[in-house]
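what would the 3D arrangement of this be:
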Amino acid sequence: MARSIFALFSAFLAGMLAGVLAVGSGGSAPDGAHPPELVSEHPAAETSQPLNGAAQGAALATPAPANPTPGTGQVPNRDGSDGDRLRVLSAAWAGMQDELRQLKGRVSGLEQRLAASSSAGEPSRPVRPANEEERRARLLEAGVASELAAEIVGREAKNELDRLELRDVALREGWFGSDRYREELGRLEAQEPDLRAEIGDEAYDRYLYAAGADNRVRIGSVIPGSAAEEVGLAAGDLIEAYDGGRIFTFAGLQDATSEGERGDLVPVDIKRQDGSRLQAWLPRGPLGVRLDRTRADPDA
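Below you'll find the model as predicted:
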């Protein structure tokens, strides 16, 4: 992909340069064309009448036209426009070379990031379900019973239709965005199936993975002086559970750390980059880490 972008941009630059060169050479006569006639700047010189003394002096003082350039029939441009054209072309070429160097740097950075992701062993991400049939298939793949999977998908579809109907009616009747609309929307949200609660944490974890969604929270970096640094947490660690509850999202971790009595020690289950696991005890409250989303095989 990165090489395709680079090739397309290079072709674009080449086309631009060709266009500039074509414009710059537009004044040249085609090969084989007759040279333009040289018109005298002194009409009196073209008559058969003899010149008087003053006219002869003026004629002699006037520089003779330059000879055509051999092989072209063109009179060299004496006003410096060729030099100006060359300077414009040189500046354009330098600008394109600079843009090309910048593009090479971006492509190189992208290739390095892709290589780092591959070397880190991050699994390829499947396409997320595009319709109810694909969603049902992913639920079955996660180990959900066929009847339950069909029921969940059906209820989700109905809830989605109810939301669309609510919005349409509210817009037509002029109460979209009002307290009434928010109340009705909250009622529908409360009726939406809680997939995690219905199929359980293990199946929910496998479903997220099969559906190509993020199912892990990874530590991107540890803030110095934080509780996480004191217990030895490090960048790359996966936070799999907090106080016995599985963690799949940022919001899930934030909710868990805000519950209970602040300062109470709770267990935090960690999976390290080498595959080993540890349980650290941290005071309830902010961990002091910066987080990344990621995806990991539940069975690995």
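
give the buried residues for the helix or strand hosting A157.
With secondary structure defined by DSSP states H and E, A157 is part of helix 146-173. With burial defined by 16 or more other C-beta atoms under 10 Å, the residues of helix 146-173 counted as buried are A149, I152, V153, D162, L166, A170. (C-beta placed from N, C-alpha, C; glycine too.)

give the contact list for the second one.
The reference is to I152. I152 makes contact with L139, V144, P193, L195, E198, I199, according to C-beta atoms under 8 Å, 6 or more residues apart in numbering.

quick check: it vs I199, distance?
When distances are taken as C-beta to C-beta, to the nearest Å, I152 and I199 turn out to be 8 Å apart.

mutual contacts of the two, please.
Taking C-beta under 8 Å, 6+ apart as the contact criterion, the common neighbours of I152 and I199 are L139, V144.

related to what we said a few turns ago, how about CSV for the contacts of I152, with neighbour count and distance to S90 added?
Formatted as CSV, those follow (neighbours: other C-beta atoms under 10 Å; distance: C-beta to C-beta, whole Å):
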residue, neighbour count, distance to S90
L139, 26, 64
V144, 23, 67
P193, 16, 67
L195, 16, 63
E198, 14, 69
I199, 22, 67
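
can you tell me which of these is nearest A91?
For these, the closest approach to A91 (C-beta to C-beta) belongs to L195, at 60.4 Å.

pretty sure the closest one is touching R206, no?
No. Here L195 does not reach R206: they are 12.0 Å apart, not a contact under C-beta atoms under 8 Å.

where exactly do the helices run in the protein?
2-24, 53-61, 81-119, 132-141, 146-173, 179-191, 195-199, 201-210, 227-230, 250-258 (DSSP state H).

nearest to P283 among those would be which one?
Go through the helices of the chain one by one with C-beta to C-beta and the one that ends up closest to P283 is helix 227-230, at 5.8 Å.

so what does that closest one touch, helix or strand wise?
Of the remaining helices and strands, those touching helix 227-230 by 3 or more C-beta pairs under 8 Å, 6 or more residues apart in numbering; DSSP states H and E are strand 216-222, strand 277-283.

can you put these in CSV and add mean pLDDT?
Rendered in CSV, the data for those read as follows (pLDDT from 0 to 100):
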stretch, mean pLDDT
strand 216-222, 97
strand 277-283, 96
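
can you say which of those strands is packed in most?
Scoring those by mean neighbour count under mean count of other C-beta atoms under 10 Å gives strand 216-222 as the most buried, with a mean of 19.

out of the helices and strands packed on helix 227-230, nearest to D255?
Shortest distance between D255 and the helices and strands packed on helix 227-230, using C-beta to C-beta, is found for strand 216-222: 12.2 Å.

tell me what the closest one is packed against?
With contacts defined as 3+ C-beta pairs under 8 Å, 6+ apart, the secondary structure elements packing on strand 216-222 are helix 227-230, strand 238-242, helix 250-258, strand 289-294.

buried stuff in the last one?
Counting neighbours by 16+ other C-beta under 10 Å, one finds that the buried residues in strand 289-294 are V289, L291, D292.
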